[in-house]
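Engineer: Coordinates for the following, if possible.
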Amino acid sequence: MAQFMSLGDAVAALVRDGDTVAVEGFTHLIPHAAAHEVIRQGRRDLTLVRMTPDIVYDQMIGMGCAAKLVFSWGGNPGVGSLHRFRDAVQNGWPRPLAIEEHAHAAMANAYAAGAAGLPFAVFRGYLGVDLPAVNPNIRRVTCPFTGEALAAVPALRPDVAIVHALKADRAGNVLIEGILGVQKEVVLAASRALVTVEEIVDDLGPRSPNAVVLPGWTIAAIAAVPGGAHPSYAHGYYRRDNAFYLGWDDIARDRASFTAWMKTNVLEAGPDAFAAHRRRLAVAANQYVLRFQA
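Structural biologist: You can find the predicted model right below:
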């Protein structure tokens, strides 16, 4: 059952050197605060898994946390390359990074297979593409009923899943609304799950039709971290910080500027910094509404 803990205590208890760690959230609810705590605690030799590695993994890779990345599409969305990711692959800085690249469909199916306790995922895909030539974990199997050749990839079963959500009730049940990625599947596939939330409430209240509720028995630890998805957004709480994504391109392009930024904003900061981001975004949103109404 889920235990309520501080973010620092949760990461210390759940994330270990050498673990396979999946930090998931698709455009929405990306758990930056939790990833920053993993960096602050100096975790090393991690296999990082994510469908769309973006800024959060650029930071973890650039700080030397990762030995390998399992992913589908990597980039700073709407901006360009991940410079720390590129530097690690091309130049081995700050350490060499092994990569295993998949399609989105393969990653989603592999998480679902892991959640179901299956050894691999089977789906239609990888026809007429080059990825099977560079990824030995992409295979083909023959359907025993139809004879059709299908794609197969190993199930994803991370040691640790980390996601951000909107609310948790006091029984440890977690609510996710808005754009959904693979949060449900990765939590069910992982051996241990850490969820950061915007707030803890007595009751999860009315829910939208696409809401996901993760029951407390699927989660090891819950930490209340308001603003913990910044610079991504949290449905109903704050908007995406587009300026941050644009600014990250210059910060991450140079090793020295990246290291200085991480020292100030991650190593010497803490989870409370994310609440400040949330307040700043709320003020900006209110000012936008007032200008629109005027």
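Engineer: Now do Ser191 against Ala276, distance only.
Structural biologist: Applying Cβ to Cβ, to the nearest Å, the value for Ser191 to Ala276 is 33 Å. C-beta: built from backbone N, CA, C; applies to glycine.
Engineer: Could you do Trp248 as well?
Structural biologist: Distance from Trp248 to Ala276, by Cβ to Cβ: 18 Å.
Engineer: Looking at the two, which is more packed in?
Structural biologist: Trp248 (23 against 13; other Cβ atoms under 10 Å).
Engineer: Tell me the pLDDT of the closest residue in space to that one that isn't next to it in sequence.
Structural biologist: Once flanking residues are discounted, Trp248 sits nearest to Ile55: 5.4 Å by Cβ to Cβ, 6 or more residues apart in numbering. Looking at Ile55, its pLDDT is 97.
Engineer: Is Ile55 in contact with Asp249, as I believe?
Structural biologist: No - applying Cβ atoms under 8 Å, one finds Ile55 not in contact with Asp249, separated by 9.8 Å.
Engineer: where do the contact lists of the two overlap?
Structural biologist: Asn76 (Cβ atoms under 8 Å, 6 or more residues apart in numbering).
Engineer: Show me which of those two is the more surrounded one.
Structural biologist: Set side by side, Ile55 and Asp249 show more neighbours around Ile55, with 24 against 15, by other Cβ under 10 Å.
Engineer: ok, now which ones touch the more buried one?
Structural biologist: Contacts for Ile55 (Cβ under 8 Å, 6+ apart) come out as His32, Asn76, Leu82, Pro231, Phe244, Tyr245, Trp248, Ala252.
Engineer: Pull the distance from the helix or strand encompassing Glu198 to the chain's centre.
Structural biologist: Using DSSP states H and E, the element containing Glu198 is strand 192-201. How far strand 192-201 lies from its chain's middle: 14 Å, per Cα atoms, centre = their mean, to the nearest Å.
Engineer: buried ones in it?
Structural biologist: Within strand 192-201, the residues that qualify as buried by neighbour count (16 or more other Cβ atoms under 10 Å) are Arg192, Ala193, Leu194, Val195, Thr196, Val197, Glu198.
Engineer: same question, stretch 211-231
Structural biologist: 213-214, 216, 218-231.
Engineer: Then stretch 31-40?
Structural biologist: Neighbour counts over stretch 31-40 (16+ other Cβ under 10 Å) mark Pro31, His32, Ala33, Ala34, Ala35, His36, Glu37, Val38, Ile39, Arg40 as buried.
Engineer: Do me a favour and average the pLDDT over that stretch.
Structural biologist: pLDDT averaged over stretch 31-40 gives 98.
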